[in-house]
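Trainee: Predicted structure and sequence below. I'll ask about it afterward.
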Amino acid sequence: MNSPGVVNYGPEKFNVEMREVEKPSIGADDVLLEVGAVGVCGSDLHQWTAEHSWPVNYPVVLGHEFAGVVAELGKNVHGWREGDRGVSETAAVIDLDSPLTKQGLYNLDPTRKGFGYGVNGAMTRFVRVPARCLHHLPDTLPIEKAGLTEPCCVAYNAVAVNSNIKPGDRVVVLGPGPIGLLCAAIARLQGAEVAVVGLERDRERLAIGEQFGCVSIVDGLEEWSREGDGLGVDGVIDAAGISATLKTALEIVRPAGWVTKVGWGKLPYGHSLDPLVQKNITLRGSFSHNWPIWERVIRLLDTKLLDVEKIMGGVWPLEQWHEAFEKMHSGQIVKAVLKP
């Protein structure tokens, strides 16, 4: 049985279209998930516009932020029944014997391949999911919100795991995209005073940051960062999609402060890293997430301590994927959700 799917079929710009996708067959350790909701990620847009910097296994069904209902179980799968609701991690292919995997850091396994670029993703009716990737959903968490668990996990890892935030810290988030806004929301949960920085065209997105209790900055970043003792902010989360923002981060952070880089940017940095040395700054990257992060984020979503409804710009049927992509790409909305 075939179903329509949103397929990235080549490396050129706009090589994405609806195509018939064969229903996946599953192995003994897999689950066949009927997709209930799939979020549109900035990486989906980057593959659509051919601005990505990672290898893609063409043709591939897009979509790695998804939740659904178990339709079929592999013979070795335990703890799940047909009809159960689940949300999936993104590490579709990992080396189970890797030292990193054995440490629980399979997100950093160099052989890792994710849904939506390495293997077929969830912008279709059915997706094959290794059972190890699947988390149970509380009955009280709507499927559309559960579909956005993955970007929340990216933000949680960047902020709560890889950054050093204490209540009362002053933190700047560069970039008001979905990840930046979620990073800001989690930093607020940790008790930080947070400013989200964007461009003039980002005014509507910055307003969403204000709903999370953040300050919006288009102009005057240097002044805000120097408030207090004048030495700079305690930390910076760089969630912008370019490398050059790291220069700004190093300029505004105080000596002995920290910078966490979570945004991807394929262009060269092009600046001296001397401020990193001179100011004794801790610089750290943050990539993906692992099992305990997912369990915590699901609780945050279910209790509404982290309210993703603020970033949801609408829900579209899968057939209207192009409209959803366009609205996100143009900045009209922060996050689109598709329903197959």
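Mentor: Received it, and whenever you're ready, just let me know what you need. Numbering: from 1, shown residues only.
Trainee: State the distance from A249 to D238.
Mentor: For A249, the distance to D238 under the criterion CB to CB, to the nearest Å works out to 5 Å. (C-beta placed from N, C-alpha, C; glycine too.)
Trainee: Would you mind naming the helix or strand containing G263?
Mentor: Secondary-structure assignment from DSSP states H and E places G263 in no helical or strand segment.
Trainee: what's near enough to touch it?
Mentor: Neighbouring residues of G263 by CB atoms under 8 Å, 6 or more residues apart in numbering: L174, G175, G177, I179, G180, D238, A239, A240, G241, I242, T245.
Trainee: What subset of those is buried?
Mentor: Of the members of the contacts of G263, the ones counted as buried by neighbours, 16 or more other CB atoms under 10 Å, are L174, G175, G177, I179, G180, D238, A239, A240, G241, T245.
Trainee: where along the stretch 51-200 of the chain do the helices fall?
Mentor: Listed in chain order, the helices of the stretch 51-200 of the chain (DSSP state H, counting those that start in this stretch) span residues 99-102, 143-146, 149-156, 178-189.
Trainee: could you redo those helices as TSV and give each row distance to K335 and mean pLDDT?
Mentor: Listed next are the helices of the stretch 51-200 of the chain as TSV, based on distance: least, CB to CB, whole Å; pLDDT from 0 to 100:
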stretch	distance to K335	mean pLDDT
helix 99-102	30	97
helix 143-146	10	98
helix 149-156	8	98
helix 178-189	5	98
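Trainee: Next, format those as CSV and append distance to Y9.
Mentor: Supplementary listing: those in CSV, determined by distance: least, CB to CB, whole Å:
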stretch, distance to Y9
helix 99-102, 31
helix 143-146, 27
helix 149-156, 24
helix 178-189, 25
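Trainee: So which of those is nearest V93?
Mentor: Evaluated over these, closeness to V93 peaks at helix 99-102, with 11.3 Å, by CB to CB.
Trainee: Can I get that closest one in CSV, CA atoms only?
Mentor: As requested, the backbone C-alpha atoms of helix 99-102 are provided in CSV (Å, rounded to 0.1, in the frame of the first residue of the first chain):
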residue,chain,number,x,y,z
PRO,A,99,31.7,3.4,23.0
LEU,A,100,29.6,6.6,22.7
THR,A,101,26.4,4.6,22.4
LYS,A,102,27.3,2.5,25.4
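Trainee: which non-adjacent residue is nearest G213?
Mentor: Closest residue in space to G213, ignoring its immediate chain neighbours: R188 at 5.0 Å, by CB to CB, 6 or more residues apart in numbering.
Trainee: and that neighbour, what does it touch?
Mentor: Contacts of R188 were listed using CB under 8 Å, 6+ apart, and they are V194, F212, G213, C214.
Trainee: how does it look with 10 Å?
Mentor: Taking CB atoms under 10 Å, 6 or more residues apart in numbering as the contact definition, R188 lies against V159, I165, V171, V194, G209, F212, G213, C214, L306.
Trainee: Okay, it and N57: tell me how far apart.
Mentor: Counting by CB to CB, the gap from R188 to N57 is 38 Å.
Trainee: before we move on, what about V197?
Mentor: 35 Å.
Trainee: more crowded one of these two?
Mentor: With other CB atoms under 10 Å as the criterion, V197 and N57 differ in neighbour count, and V197 comes out ahead with 29 against 12.
Trainee: avg pLDDT for stretch 120-138?
Mentor: Taken as a whole, stretch 120-138 has an average pLDDT of 98.
Trainee: again, but for stretch 244-256
Mentor: Mean pLDDT, stretch 244-256: 97.
Trainee: Could I get the buried residue list for that stretch?
Mentor: Counting neighbours by 16+ other CB under 10 Å, one finds that the buried residues in stretch 244-256 are T245, L246, K247, T248, A249, L250, I252, V253, R254.
Trainee: before we move on, what about stretch 135-151?
Mentor: Using 16+ other CB under 10 Å as the burial criterion, the residues of stretch 135-151 that qualify are H135, L137, L141, I143, E144, K145, A146, G147, L148, T149, E150, P151.
Trainee: Export those residues as JSON lines, with columns for distance to G270.
Mentor: Below are these laid out as JSON lines (distance: CB to CB, whole Å):
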{"residue": "H135", "distance to G270": "41"}
{"residue": "L137", "distance to G270": "44"}
{"residue": "L141", "distance to G270": "43"}
{"residue": "I143", "distance to G270": "43"}
{"residue": "E144", "distance to G270": "40"}
{"residue": "K145", "distance to G270": "39"}
{"residue": "A146", "distance to G270": "40"}
{"residue": "G147", "distance to G270": "37"}
{"residue": "L148", "distance to G270": "34"}
{"residue": "T149", "distance to G270": "35"}
{"residue": "E150", "distance to G270": "31"}
{"residue": "P151", "distance to G270": "28"}
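Trainee: show me the contacts for I208.
Mentor: Applying CB under 10 Å, 6+ apart, one finds that I208 lies in contact with 176, 178, 181, 184-185, 196, 202, 214, 216, 310-311, 313, 333-335.
Trainee: helix/strand/coil for it?
Mentor: Following DSSP: H, G, I helix; E, B strand; the rest coil, the label given to I208 is helix.
Trainee: Which pLDDT value goes with it?
Mentor: At I208 the predicted local distance difference test score is 97.
Trainee: so how many other residues sit close to the nearest residue to T124 once chain neighbours are set aside?
Mentor: With sequence-adjacent residues excluded and distances taken as CB to CB, 6+ apart, T124 is closest to G5, at 3.2 Å. Per other CB under 10 Å, the neighbour tally for G5 reads 28.
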